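Q: Predicted model, plus sequence, below.
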Amino acid sequence: MSHGCTECTHVKRYRSDLIQEGAVLGSNTGVASLTDPEAVGDQTDAANPEPLPANLPEFLPQLQAPPAGEPRGYVRLAVMDGKGIKHKANECKLPLYNYKNGRFCEAHLDLREKCGIIPCGLPVRHPGALTCATQAHMEWHKQYENRFTRLTFSGVRRVIRRQQEASEGSGPGIHGPTLHVQLQSLGDTPGEQVVHTFKAKSIYCLQTVQWACGVPIGWGKCYRSESTPHVLQILNNIWADYPDFRPSYIAYDNACDLLRHIVHQNSDDIWLATTKFIVDAWHYIGHKATDVLCRTRCNPAPMDGSQPDLVLTMQDANGEVHQTRAFNTETAEQFNSWLNGFESQLRQMSDVNYDFFVHVLMLIYSENMEAKIRSKEMELTDEFWDRVGGLDGAA
């Protein structure tokens, strides 16, 4: 928890720093380093904007820079993301008898002889079959297999695109691609509500948290969905014993809904006092322009000086000053990409082996990142801490 390096830990900055550096301040919805008009345009005046929660101030409070010689402080940024690396999970909580392709624990192996449609209960039509001889059950299972074994990458993209077009204007809370496979009804029961045992259930995703430099902090598992209450509980678990080490910022693809959930559930939650939640730059441009909370509270690098810790200035060859993002908010994606190499092994593991293996992978990745930081001389130096303490006389 006490890790720090120049990639994830910066001397605290103030709005006056940007002004002194010659930054041309712009919109609070504009994102530094992005040139897409849809990303940088001030679109909160669009039709039917979604207002801020009543217990959030309209504007972010601005701290005044301390006098020369006084401590400035420092900030750290963590990044969180969900990865669809799963392990099978049996409803009865006992381990599966066969984690490769099994459906039941040892105590419930006799259910293999029963129809997989719940609550039919009839014997399977022959050994190895998954349904009874009821024609409707056989046809539904055949359609289920066809639907899930014939999906191609292009087909998945087409389904996602159509579902996104159909859901436009349906309200906040859905960001990024989703896939809902439609199945035929079974009698009066809609396809997605048919209960069956054709496949062992699995956890929804692995949730990882790391510093902006890539060094892992912790992880958790979402069992049914990547819901905001579950994600918040994972964060609470990770920092339960380290309340003083909470990051100044957490970048997360659904940070706006997470922040909205925290504010609605408990406006005195300690997270609101210690940490600001921002959407990572890649996902931010896909969020709704009408979501005022997202655009004004979760911008990864606002250009109006409201979040000076998230912005640096640089001068181009013509002497013009430009704003650029101060932190890499994509390290969770990079870590998850590394985890892809172990996905096939993890998917076949028991829950105990899965947990142990993920923890070992986190330790290995942490050691690799720490070695990389040392080789690039990115450790925090005495000069850094002098600047934090205001001992260098820097404004």
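A: Noted; the coordinates are in hand. Small disclaimer: the values here were computed from a predicted structure and weren't measured.
Q: Let me know the distance separating Thr197 from Ser306.
A: Thr197 sits 53 Å away from Ser306, going by Cβ to Cβ, to the nearest Å. Where C-beta positions appear, they are placed from N, C-alpha and C, glycine not excepted.
Q: and Gln207, that one's in a strand?
A: Yes: assessed with DSSP: H, G, I helix; E, B strand; the rest coil, Gln207 lies in a strand.
Q: Secondary structure of Tyr312: a helix, I assume?
A: Not quite, residue 312 is Leu, not Tyr. No: using three-state DSSP, the secondary structure at Leu312 is strand, not a helix.
Q: looking at it, it is touching Val321, isn't it?
A: No: if you go by Cβ atoms under 8 Å, Leu312 and Val321 don't touch, sitting 10.6 Å apart.
Q: So if I had to pick from these two, which one is more boxed in?
A: Leu312 (21 against 13; other Cβ atoms under 10 Å).
Q: Now for the more buried one: which residues touch it?
A: Listed by Cβ atoms under 8 Å, 6 or more residues apart in numbering, the contact set of Leu312 reads Gln323, Thr324, Arg325, Ala326.
Q: now do Leu109
A: Counting by Cβ under 8 Å, 6+ apart, Leu109 makes contact with Tyr97.
Q: Pull up the per-residue confidence for it.
A: In this model, Leu109 is scored at 88, pLDDT.
Q: Could you do Leu361 as well?
A: 96.
Q: Quickly find the element holding it.
A: Element membership for Leu361 (DSSP states H and E) is helix 351-375.
Q: Check the average confidence over the following helix or strand past that helix, would you?
A: Note on helix 351-375: by DSSP H and E, the next helix or strand toward the C-terminus is helix 382-389. Throughout helix 382-389, pLDDT has a mean value of 94.
Q: Packing partners of helix 382-389?
A: Helices and strands touching helix 382-389, as assessed by 3 or more Cβ pairs under 8 Å, 6 or more residues apart in numbering; DSSP states H and E, comprise strand 9-11.
Q: What are the contacting residues of the strand it packs on?
A: 72-76, 211, 309, 326-327, 380, 384, 387-388.
Q: again, but for stretch 268-284
A: Against stretch 268-284 from outside (Cβ under 8 Å, 6+ apart): 31, 33-34, 39, 79, 81, 175-176, 232, 235, 243, 246-256, 258-259, 262-263, 287, 294, 297-301, 307, 310, 325, 329-330, 332-333.
Q: Now do the end-to-end distance for that stretch.
A: In stretch 268-284, first residue to last residue: 26 Å (Cα to Cα, to the nearest Å).
Q: picking up where we left off before, pull out the buried residues from the contacts of stretch 268-284.
A: For these, a burial check counting by 16 or more other Cβ atoms under 10 Å picks out 31, 33-34, 39, 79, 81, 175, 232, 235, 246-256, 258-259, 262-263, 287, 294, 297-301, 307, 310, 325, 329-330, 332.
Q: Among those, name the ones in helices.
A: If you go by DSSP state H, the buried ones among the contacts of stretch 268-284 have Ala39, Leu232, Leu235, Ala255, Cys256, Leu258, Leu259, Ile262, Val263, Cys294, Arg297, Ala332 in helices.
Q: Number of residues surrounding Glu226?
A: Count around Glu226 with other Cβ under 10 Å applied: 16.
Q: where's it, which helix or strand?
A: Residue-wise, Glu226 maps onto no helix or strand under DSSP H and E.
Q: thought it was touching Cys205?
A: Yes: assessed by Cβ under 8 Å, Glu226 is found in contact with Cys205 at 5.6 Å.
Q: re earlier: now the contacts of strand 9-11 in JSON lines, with distance to Gly116 and neighbour count?
A: Output for the contacts of strand 9-11, formatted as JSON lines (distance: Cβ to Cβ, whole Å; neighbours: other Cβ atoms under 10 Å):
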{"residue": "Arg72", "distance to Gly116": "63", "neighbour count": "19"}
{"residue": "Gly73", "distance to Gly116": "59", "neighbour count": "15"}
{"residue": "Tyr74", "distance to Gly116": "57", "neighbour count": "19"}
{"residue": "Val75", "distance to Gly116": "53", "neighbour count": "19"}
{"residue": "Arg76", "distance to Gly116": "50", "neighbour count": "22"}
{"residue": "Trp211", "distance to Gly116": "45", "neighbour count": "24"}
{"residue": "Asp309", "distance to Gly116": "54", "neighbour count": "22"}
{"residue": "Ala326", "distance to Gly116": "53", "neighbour count": "22"}
{"residue": "Phe327", "distance to Gly116": "49", "neighbour count": "29"}
{"residue": "Leu380", "distance to Gly116": "57", "neighbour count": "15"}
{"residue": "Phe384", "distance to Gly116": "61", "neighbour count": "18"}
{"residue": "Arg387", "distance to Gly116": "64", "neighbour count": "19"}
{"residue": "Val388", "distance to Gly116": "61", "neighbour count": "18"}
